[in-house]
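Undergrad: Turn this into a model:
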Amino acid sequence: MVGMLMLAFSAISFAQIGVGIAVRFGPPAIPIYTQPLCPGPGYIWTPGYWAWDDDGGYYWVPGTWVLAPVGMLWTPGYWGWGDGVYLWHAGYWGPHVGFYGGINYGFGYTGIGFWGGEWRGGSFYYNRSVTNINITRVTNVYQRNVVVNNRSRVSYNGGSGGIHARPTTEQERFSREAHREALADQRQHERAASQNRQLFASQNHGRPAIAATGRPGEFNGRNVVAARQAGALYRAPHMSPQQARVSSPQNRGAEQRNPADNRSASRPVDRQQPNRDIVRNNKQQAQQPRLDQRRQQPTRDEQPRQQQQARQQQQAERQQQTRAEQQRQQQGRAEQQRQQQNRQQQARAEQHRQQPARVQQQPGQRPVHRQPAPRAERPQPQQSRNSPQPQPSRGGREGRGPGR
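TA: Next comes the predicted model:
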């Protein structure tokens with residue numbers, strides 16, 4: 001067990017998960033949908049969320065069941081207000097569920113913690129009160145009622161109309177634990193959603209046709225669930241995605257720390273020609289995406305090394321998933337054997353109850369035959385003394401004397 005946990009943490013980043021995309025307006029409300037059936041043991045529910053595309057705006061990433069690393073739980077990502085924009089905080093795997101903006105994603109993610117299940121050793125147990133489980137397929141279950149105080153469908157924290165929640169001391173401590181980014185299946189699942197036009201809010205108006213799936217990337221079949229309705233009235237944005245997208249505060253801080261990109265700040269301002277400054281700023285903003293792309297692009301020496309590290313990470317994930325699947329299969333076979341033994345014992349007990357009781361006889365003793373009870377004789381009616389005696393008939397032999 002310790003070896004599996006060390007393997008799981010071999011590709012983990014111990015830095016706190018940072019901020020990614022920044023947008024000028026918040027995402028739509030969380031749609032209303034049902035949870036598909038859990039495909040098997042070891043899968044953990046990862047709720048759906050609104051992601052961002054620079055060309056199409058917000059699009060829905062369907063919720064799905066993910067084969068989880070053993071002993072780890074999923075903290076969903078969330079949109080949070082900061083520095084005048086909505087910032088995306090990416091989700092991560094860790095030993096505890098941290099802060100995710102107080103967003104009620106449903107199915108155990110009430111805004112604080114996760115109540116859909118828990119790890120007990122190397123097995124994950126599911127809470128049947130909030131998860132869709134087939135007990136014939138998944139036997140590690142328990143029942144615990146969950147009280148949800150947050151009924152809001154708002155999908156972002158802070159800002160105008162957002163959820164006003166702050167991380168607790170415990171959640172801040174969880175944020176400093178060892179984290180692991182989204183798995184390869186989760187990243188591919190998000191990329192596949194970005195290529196489906198019907199998942200964009202501009203097309204579905206907050207009610208996606210694919211709200212949840214049984215497995216990552218499974219956008220067709222009986223395990224696909226559509227949204228019943230939008231979480232709230234959809235309002236189209238008043239600006240294009242290109243106008244809404246801004247650089248994140250991290251990139252802004254990098255620009256401020258790099259003096260080569262801020263030489264114009266040390267120059268005196270030409271107050272007599274303000275148009276020249278405006279043109280210069282427009283040129284810098286147009287060149288900034290290319291500069292950011294050059295900074296983020298790895299060198300020729302770093303690219304093979306990063307590819308090798310990515311392959312090693314994927315190989316480690318596959319090995320871990322294989323070990324976890326083998327362990328779950330062994331537990332399933334043991335459970336089937338135990339159930340079969342119980343059925344056999346019940347069958348023998350039922351057969352024993354149906355057999356008639358037999359009289360135990362001593363060796364050499366003759367069987368005892370019981371005589372039937374004598375039949376009781378019916379009493380004859382007695383004649384009373386006052387009743388007349390029968391007279392012999394005259395012509396009969398009864399009136400004659402003794403014979404000759």
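Undergrad: and the end-to-end length of stretch 172-188?
TA: 29 Å (Cα to Cα, to the nearest Å).
Undergrad: so Phe174 sits in a helix?
TA: Yes - in this structure, Phe174 lies within a helix as judged by DSSP: H, G, I helix; E, B strand; the rest coil.
Undergrad: so how far is Gln336 from it?
TA: Applying Cβ to Cβ, to the nearest Å, the value for Phe174 to Gln336 is 37 Å. C-beta here means a position set from N, CA and C on the backbone, and glycine is covered the same way.
Undergrad: swap in Asn104?
TA: From Asn104 to Gln336 the distance is 38 Å (Cβ to Cβ).
Undergrad: Between the two, tell me which one has more neighbours.
TA: Neighbours around Asn104 and Gln336, counted as other Cβ atoms under 10 Å, are more numerous at Asn104. The numbers are 20 against 11.
Undergrad: My guess is that one contacts Ile112. True?
TA: No - counting by Cβ atoms under 8 Å, Ile112 is not a contact partner of Asn104; they are 9.5 Å apart.
Undergrad: residue ranges of the helices in the protein, please?
TA: Using DSSP state H, the helices of the chain run over residues 2-8, 169-175, 184-194, 201-204, 241-244, 249-257, 263-266, 274-296, 302-354.
Undergrad: if you average pLDDT over each of those, which comes out lowest?
TA: Mean pLDDT values for these show the minimum at helix 263-266, a mean of 34.
Undergrad: OK, contacts around the residue nearest to Gly159 when sequence neighbours are not counted?
TA: Sequence neighbours aside, Trp81 is the residue nearest to Gly159 in space, at 3.4 Å (criterion: Cβ to Cβ, 6 or more residues apart in numbering). With contacts taken as Cβ atoms under 8 Å, 6 or more residues apart in numbering, Trp81 has the following neighbours: Gly26, Leu87, Tyr156, Asn157, Gly158, Gly159, Gly162.
Undergrad: Could you do Ala236 as well?
TA: With contacts defined as Cβ under 8 Å, 6+ apart, the neighbours of Ala236 are Ser202.
Undergrad: per-residue confidence at it?
TA: pLDDT, the model's per-residue confidence, is 92 for Ala236.
Undergrad: measure it to Asn220 for me?
TA: As for Ala236, its distance to Asn220 is 29 Å (criterion: Cβ to Cβ).
Undergrad: One more: Gln188?
TA: According to Cβ to Cβ, Gln188 and Asn220 sit 15 Å apart.
Undergrad: Which of the two has more residues huddled nearby?
TA: Remark: of Gln188 and Asn220, Gln188 carries more neighbours, 13 against 8, as counted by other Cβ under 10 Å.
Undergrad: And that one, how far from Val70?
TA: For Gln188, the distance to Val70 (Cβ to Cβ) stands at 21 Å.
Undergrad: residues in contact with the nearest residue to Gln35 once chain neighbours are set aside?
TA: Closest residue to Gln35 in three dimensions, ignoring its sequence neighbours and counting by Cβ to Cβ, 6+ apart: Asn132, at 4.5 Å. The neighbours of Asn132, taking Cβ under 8 Å, 6+ apart as the test, are Thr34, Gln35, Pro36, Leu37, Cys38.
Undergrad: So for Asn132, what's the pLDDT?
TA: Reading off the confidence values, Asn132 has pLDDT 96.
Undergrad: now Gly94
TA: In the prediction, the pLDDT value recorded for Gly94 is 97.
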